[in-house]
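**Q** one predicted model, sequence on top.
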Amino acid sequence: MKRRAAREEPRAAPAASPETPLPDATSWTAYVLIHYRWVFVCFFLLPLSFVYDILYYVRSRIIFYFNSAPLQHKKRVAEVQRQVHQWNAEGRTVPMCTARPGWQNISYRRGKYKKTLFNVKVDMMDILNVDTAAKTVRVEPLVTMGQLSATLNPMGWTLPIVPELDDLTVGGLVMGTGIETSSHQHGLFQHICKSFELVLADGSVVTCSKESNADLFYAVPWSYGTLGFLTAVEIDIVPCLPYVKLEYTPVTTLDEACAVFRAKSESPDHQFVETLMYSLDAGVVMTGTMVATFEADKLNAIGKWHKPWFFKHVEGFLAAKKCSVEYIPLRDYYHRHSRSIFWELQDIIPFGNHALFRYLLGWLVPPKVSLLKLTQSNAIKELYDNHHLIQDMLVPISTLKESLECFQDNVAIYPLWLCPFKLPRAPGMLQTKASDELFVDIGAYGVPQVLDFHPIETTRRIEAFVRSVGGFQMLYADSYMTETEFESMFDHKLYHQMRSKYNSADAFPSVYGKVSRAARD
Ligand SMILES: Cc1cc2nc3c(=O)[nH]c(=O)nc-3n(C[C@H](O)[C@H](O)[C@H](O)COP(=O)(O)OP(=O)(O)OC[C@H]3O[C@@H](n4cnc5c(N)ncnc54)[C@H](O)[C@@H]3O)c2cc1C
Ligand SMILES: NC(=O)C1=CN([C@@H]2O[C@H](COP(=O)(O)OP(=O)(O)OC[C@H]3O[C@@H](n4cnc5c(N)ncnc54)[C@H](OP(=O)(O)O)[C@@H]3O)[C@@H](O)[C@H]2O)C=CC1
Ligand SMILES: CC(C)=CCC[C@@H](C)[C@H]1CC[C@H]2C3=C(CC[C@]12C)[C@@]1(C)CC[C@H](O)C[C@@H]1CC3
């Protein structure tokens, strides 16, 4: 593959490098919208995101103050049931989906089906019960990761896996999937869930767990809302400590990167493991453990508004070429990539990591992903479709080296996110060849640096590679596989059984129908 010359810093809007044509390369308005998106984002979206967060926060506090959430829950489930009964009474004409508008969710793919399907409102956003004796928390599906870490951490508890972005919801993480740097010990988000409460296609309410309705329990993850509406989830919680002792290990060859990452992922000593690759052969492996105290000169509250973006901070350790240690407040660690939306914000606000911007306006960052989605113009959409890649691929750790080479050859996007996870053997969509082998999530977010990038052909080549090594694609973004290819990646046996057992084949679209770009458009 041909590559572009190394990037210059700071960068402008995505695909603003000289070789890349603008969408249609003509419209003056499109040019302004793309290259000066930061004007709109800084002066309109950032204040709007701030107001939105305040309103949401006040609402949460009021609900907590009156402790009304558990009482309201039954009524809210009944309201979901009423809508499903209505759909049945009206003759089950078109399938159902949640009424949550596509712009509000984190998923990158566009849920065009929302316009044509029967929309069911599942407006349930409260933490119902924190039970420290049973070590569980019971929540409604729209509860977010930011809300949960803010509630649990001050009580000395946490979820074993806290997927990074504040606005990710429990419903989305259960029906899709969730992963974080503790996943090498705890698995995916589905593996820390104890039970699901669902409203099925006939309007009945069912609770499933490993002990009761186990088949449904194992079929729900990765079903993308196509078996029933989720109304509550019981999740494991574990005690937490206030700081993470984080060790940064720079690696300077591909072999070293793979060996160090694998050794640290397999060792029981680290609660958190993550690597950021800055090129095919240079990266920083990070390992962390929760601790109660810190060495004062090594404390770094990276979540503070004026601190450099985390991925830039980490890059500094690569340049320093030696192992280093820092102590980071737990919540700052959990949401370390939130302020820069991993490294996506540099394409939207090119000077966002400049000290002046951070000190003046850093407290307003990041703009909400939902508002970015809501307000993006067609020109921006086209730009991201054609000159940008957002994909996470899950591959066995034994194939890490060839997988990184595949990403290099096809897209050469850096930083690249590497996050290890275990995949316990269990019924459901994810079936593996070897039992208990560690997997790695490879996350590529950004502008491909190869000259022959083509959104469909390139993604299809990567998808084919991932299938060939027994891996999986995360489905929050676009999938370009055919249905046959899709069914060869994801085991649909249990899923089809549940669709027929619970009469849901005409009640909801299929997973493929929701996540495939070709089936949706
Ligand atoms: C025992 C208990 C039970 C509760 N029960 C309920 C309930 O039933 N229902 C309910 O709705 N609420 C409940 N609450 C209230 C709960 O605390 C609020 O929902 C929560 O504080 C709001 O979360 P927040 O993230 O918006 O707030 P904040 O912690 O003030 O955070 C504001 C914003 O900044 C982000 N942020 C904060 N720190 C960082 C950081 N270091 N890095 C990056 N981003 C950060 C947050 O994610 C959030 O978006 C309960 C609280 C407690 C203690
Ligand atoms: N660190 C991580 O693990 C990250 C994960 N992600 C991905 O982002 C997505 C989550 O985003 P989020 O905005 O929270 O979720 P979304 O609103 O995007 O929902 C994801 C899917 O879950 C379904 N769903 C959500 N709630 C319910 C419910 N109550 N009942 C039935 N189905 C439901 C949706 O159905 P419908 O289509 O009907 O609305 C949709 O198909 C996941 O796919 C996740 O894998 C993204 C970034 C990071
Ligand atoms: C850690 C894992 C497993 C995934 C992280 C994925 C995120 C980096 C992406 C998920 C949805 C993406 C969107 C954007 C940036 C990258 C994600 C947050 C945009 C904000 C980029 C700008 C566009 O105009 C809107 C996009 C919405 C989705």
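**A** Thanks, I have the structure now. Ligands and ions are numbered 1, 2, ... in the order given.

**Q** which residue ranges of the stretch 351-500 of the chain form helices?
**A** 355-361, 369-375, 378-387, 400-410, 455-468, 483-489, 493-501 (DSSP state H, counting those that start in this stretch).

**Q** mind giving me the packing neighbours of the second one?
**A** Helices and strands in packing contact with helix 369-375 are listed as helix 46-66; criterion 3 or more C-beta pairs under 8 Å, 6 or more residues apart in numbering; DSSP states H and E. All C-beta atoms are positioned from the backbone trio N, CA, C, and that covers glycine.

**Q** so does the helix it packs on get close to ligand 1?
**A** Yes - using C-beta under 6 Å from any ligand atom, helix 46-66 reaches ligand 1 at 53, 57, 60, 63-64.

**Q** do stretch 132-144 as well
**A** No - contact of stretch 132-144 with ligand 1 (C-beta under 6 Å from any ligand atom) is absent, the minimum separation being 7.4 Å.

**Q** quick one: contacts of that stretch?
**A** 69, 73, 76, 100, 122-131, 148, 152, 155, 157, 159, 166-172, 174, 194, 230-238 (C-beta atoms under 8 Å, 6 or more residues apart in numbering).

**Q** okay, how far is it across that stretch, tip to tip?
**A** 20 Å (C-alpha to C-alpha, to the nearest Å).

**Q** anything in it near ligand 2?
**A** Yes - using C-beta under 6 Å from any ligand atom, stretch 132-144 reaches ligand 2 at residue 141.

**Q** over to stretch 169-185?
**A** Yes - counting by C-beta under 6 Å from any ligand atom, ligand 2 is contacted by stretch 169-185 at 169, 171-173, 175-180.

**Q** show me which of these are buried.
**A** Buried subset of the residues of stretch 169-185 next to ligand 2 (neighbour count, 16 or more other C-beta atoms under 10 Å): 169, 171-173, 175-180.

**Q** so of the residues you listed, which ones are in helices?
**A** Among those, the ones falling in helices (DSSP state H) are 171-173, 175.

**Q** that older thread, out of the contacts of stretch 132-144, list just those in helices.
**A** 69, 73, 76, 148, 152, 170-172, 174.

**Q** the contacts of stretch 132-144 also near ligand 1: which ones?
**A** Near ligand 1, by the rule C-beta under 6 Å from any ligand atom, you find 69, 126-127, 130, 155, 166 out of the contacts of stretch 132-144.

**Q** quick check: of those, which lies closest to ligand 2?
**A** Checking these against ligand 2 with C-beta to the nearest ligand atom, the nearest one is residue 166 at 10.8 Å.

**Q** hmm, residue 145 and the closest one touching each other?
**A** Yes - counting by C-beta atoms under 8 Å, residue 166 does reach residue 145; the two are 5.8 Å apart.

**Q** which one of these two has more residues nearby?
**A** residue 145 (26 against 22; other C-beta atoms under 10 Å).

**Q** right, is stretch 93-101 up against ligand 2?
**A** Yes - counting by C-beta under 6 Å from any ligand atom, ligand 2 is contacted by stretch 93-101 at 97-98, 100.

**Q** coming back round to it: what is the nearest of the ones in helices among the contacts of stretch 132-144 to residue 257?
**A** residue 172 (31.1 Å; C-beta to C-beta).

**Q** quick one, what contacts that closest one?
**A** 105-107, 141, 476.

**Q** and of the residues you listed, the nearest to residue 317?
**A** Nearest to residue 317 among these, with distances taken as C-beta to C-beta, is residue 106, at 28.6 Å.

**Q** can you pull the contacts of the closest one?
**A** 165, 167-169, 172, 369-370, 476.

**Q** do residue 323 as well
**A** Contacts of residue 323 (C-beta under 8 Å, 6+ apart): 247-250.

**Q** likewise for residue 437?
**A** 396-398, 423.

**Q** quick one on the thing from earlier: and the ones in helices among the contacts of stretch 132-144, which is the shakiest by pLDDT?
**A** The lowest pLDDT within the ones in helices among the contacts of stretch 132-144 belongs to residue 69, with 72.

**Q** excluding covalently adjacent residues, which one is nearest to that residue?
**A** Take residue 69 and drop its neighbours on the chain: the residue closest to it by C-beta to C-beta, 6 or more residues apart in numbering is residue 126, 3.5 Å away.

**Q** torsion angles phi and psi at the one you found?
**A** phi -120, psi 150 (degrees, to the nearest 10).

**Q** does residue 260 touch residue 285 like I think?
**A** Yes - Residue 260 lies in contact with residue 285 (C-beta under 8 Å); the separation is 5.0 Å.

**Q** so what sits against both of the two?
**A** 249, 251.

**Q** residue 352: how many residues sit nearby?
**A** Neighbour tally, residue 352, other C-beta under 10 Å: 23.

**Q** quick one: pLDDT of it?
**A** Residue 352 is given a pLDDT of 95.

**Q** so what's it closest to, chain neighbours aside?
**A** Nearest to residue 352 is residue 345, by C-beta to C-beta, 6+ apart, at 5.3 Å.

**Q** do you know how far that neighbour is from residue 228?
**A** Counting by C-beta to C-beta, to the nearest Å, the separation of residue 345 from residue 228 is 36 Å.

**Q** ok and the residue in the stretch 51-200 of the chain nearest ligand 1?
**A** For the stretch 51-200 of the chain, C-beta to the nearest ligand atom, closest residue to ligand 1: residue 146, 2.7 Å.

**Q** mind giving me the packing neighbours of the helix or strand hosting that residue?
**A** Taking DSSP states H and E as the definition, residue 146 sits inside helix 145-152. Judged by 3+ C-beta pairs under 8 Å, 6+ apart, helix 145-152 is in contact with strand 127-131, strand 136-139, helix 330-334.

**Q** partners of the shortest one, with directions?
**A** Okay, so that is strand 136-139. strand 127-131 (antiparallel), strand 229-236 (antiparallel) (DSSP bridges).

**Q** show me where the stretch 251-400 of the chain has strands.
**A** For the stretch 251-400 of the chain, applying DSSP state E, counting those that start in this stretch gives strands covering 272-279, 282-291, 324-329, 389-396.

**Q** wait, which of those strands is closest to ligand 1?
**A** strand 324-329 (6.6 Å).

**Q** let me see the mean pLDDT of the closest one.
**A** Rounded mean pLDDT across strand 324-329 is 98.

**Q** that one near ligand 1 at all?
**A** No - Strand 324-329 stays clear of ligand 1 (C-beta under 6 Å from any ligand atom), getting no nearer than 6.6 Å.
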